[in-house]
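# Take a look and give me a structure for this.
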Amino acid sequence: MTYLEFQFSLSPLQPTSDILVAQLSDIGFESFVEHEDGLTAFIAEEDFDEPKFNTLQVFSTDEFKIHWTSTGVQQQNWNAVWEKSFDPIKVGNDCMVRAPFHEKQEVLYDIVIEPKMSFGTGHHETTYMMLAHILENGFKDKTVLDMGCGTGVLAILAEMKGAVQLEAIDIDNWCYVNSLENVARNDCTKIEVFEGDSNLLVGKKYDVILANINRNILLEDITTYATALNEGGMLFLSGFYLSDLDMISAKCARSGLQFEKNLEKNNWVAAKYVH
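As a prediction, the model looks like this:
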């Protein structure tokens, strides 16, 4: 089987990349790798519908600048393409995020993620920083929500750190299925995965909420997160730039959440708030 490889140049990278991935997934694209200036996406040639591709909504807005090229990739090169583009990620001294084909190293938290997508592998700054926040904070006996879970990697590390009841939610069916696969792959037994959005949080309470999405969705849902957070609970937010931090923090403050600290990497931010 032949696959088509699309190289997208994106400006700005976010939220353009997240929106593009969602819309490409809807028309059959299977795999994605995010880069510093864009995105690589793959689809089986027989599944590619050019009219649907050309009429994607993300291409028609002036808010985003998107350019692309495409080439064919033979199936026998598929694993080689992934192995070349997916390197193991080490977060601090204790956590390794790797693919099944990477050699296991002696770390406290060894997480195996099938590299079917870019978001949630640890390569993106936001995922890396959210993992760093989890490593820095106590999760023993906590109830945890991983909102916009992607691959489920944040929930997986939270369970490894002692969380006793976890939910992982994503609106994208592909992320839902991939999270289920990765939860099983890492022998996690306390994580339930759901397909949906913040409407699923009605009537629920958590000690910790992890939300790595994008600025606009976070601003819409912060009040919902605050309602779902137990007194003294922790909210970790990422998926936005440093220039958006004041706006995010102001919305959190109006919802009764106090800013505690933030991590920053390449102008991306992951912030911690307490109830």
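
# so what does the helix or strand harbouring residue 222 touch, helix or strand wise?
Using DSSP states H and E, residue 222 falls within helix 215-228. When contacts are defined as 3 or more C-beta pairs under 8 Å, 6 or more residues apart in numbering; DSSP states H and E, helix 215-228 packs onto strand 143-147, strand 206-212, strand 229-241, helix 245-254. Quick note: C-beta positions are derived from backbone N, CA and C, even for glycine.

# can you list those in CSV and add distance to residue 110 and mean pLDDT?
Listed next are the helices and strands packed on helix 215-228 as CSV, based on distance: least, C-beta to C-beta, whole Å; pLDDT from 0 to 100:
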stretch, distance to residue 110, mean pLDDT
strand 143-147, 19, 98
strand 206-212, 20, 97
strand 229-241, 22, 94
helix 245-254, 32, 97
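
# Nearest to residue 182, out of those?
Proximity to residue 182 (C-beta to C-beta) singles out strand 143-147 among the helices and strands packed on helix 215-228, at 11.5 Å.

# Downstream of that closest one, the next helix or strand is which one?
helix 153-160.

# what bits of the chain have low per-residue confidence?
1, 74-86, 115-123 (pLDDT under 70).

# Going along the chain, name the strands of it.
2-11, 31-34, 38-44, 65-74, 89-91, 95-98, 109-112, 143-147, 165-170, 191-195, 206-212, 229-241, 258-265, 268-274 (DSSP state E).

# how far does the fifth one sit from the chain's center?
On the basis of C-alpha atoms, centre = their mean, to the nearest Å, the separation between the geometric centre of strand 89-91 and that of its chain is 15 Å.

# Offset the numbering so it begins at 684, please.
Yep, numbering from 684; the last one is strand 772-774 now.

# who are the neighbours of it, in terms of helices and strands?
In terms of contacts (3+ C-beta pairs under 8 Å, 6+ apart), strand 772-774 is packed against strand 778-781, helix 808-819.

# among the ones you listed, which is the most enclosed?
strand 778-781 (a mean of 24; mean count of other C-beta atoms under 10 Å).

# Tell me the strands beside it, with direction?
Strand pairing for strand 778-781, determined by DSSP bridges: strand 772-774 (antiparallel), strand 792-795 (parallel).

# can you list the residues that contact it?
771-774, 787-788, 790-796, 804-805, 814, 818, 836, 840 (C-beta atoms under 8 Å, 6 or more residues apart in numbering).

# Using neighbour counts, give me the buried entries of those.
Buried by 16 or more other C-beta atoms under 10 Å: 771-772, 774, 790, 792-796, 804-805, 814, 818, 836, 840, out of the contacts of strand 778-781.

# my guess is residue 727 meets residue 714, correct?
No: using C-beta atoms under 8 Å, residue 727 is not in contact with residue 714, being 10.3 Å away.

# Who has more neighbours out of the two?
Comparing residue 727 with residue 714 by other C-beta atoms under 10 Å, the one with more neighbours is residue 714, at 20 against 14.

# where does the residue nearest to the more buried one when sequence neighbours are not counted sit relative to residue 929, distance-wise?
Distances taken as C-beta to C-beta, 6 or more residues apart in numbering put residue 725 closest to residue 714, at 4.4 Å, once the chain neighbours are dropped. For residue 725, the distance to residue 929 (C-beta to C-beta, to the nearest Å) stands at 38 Å.

# Cheers, nothing more for now.
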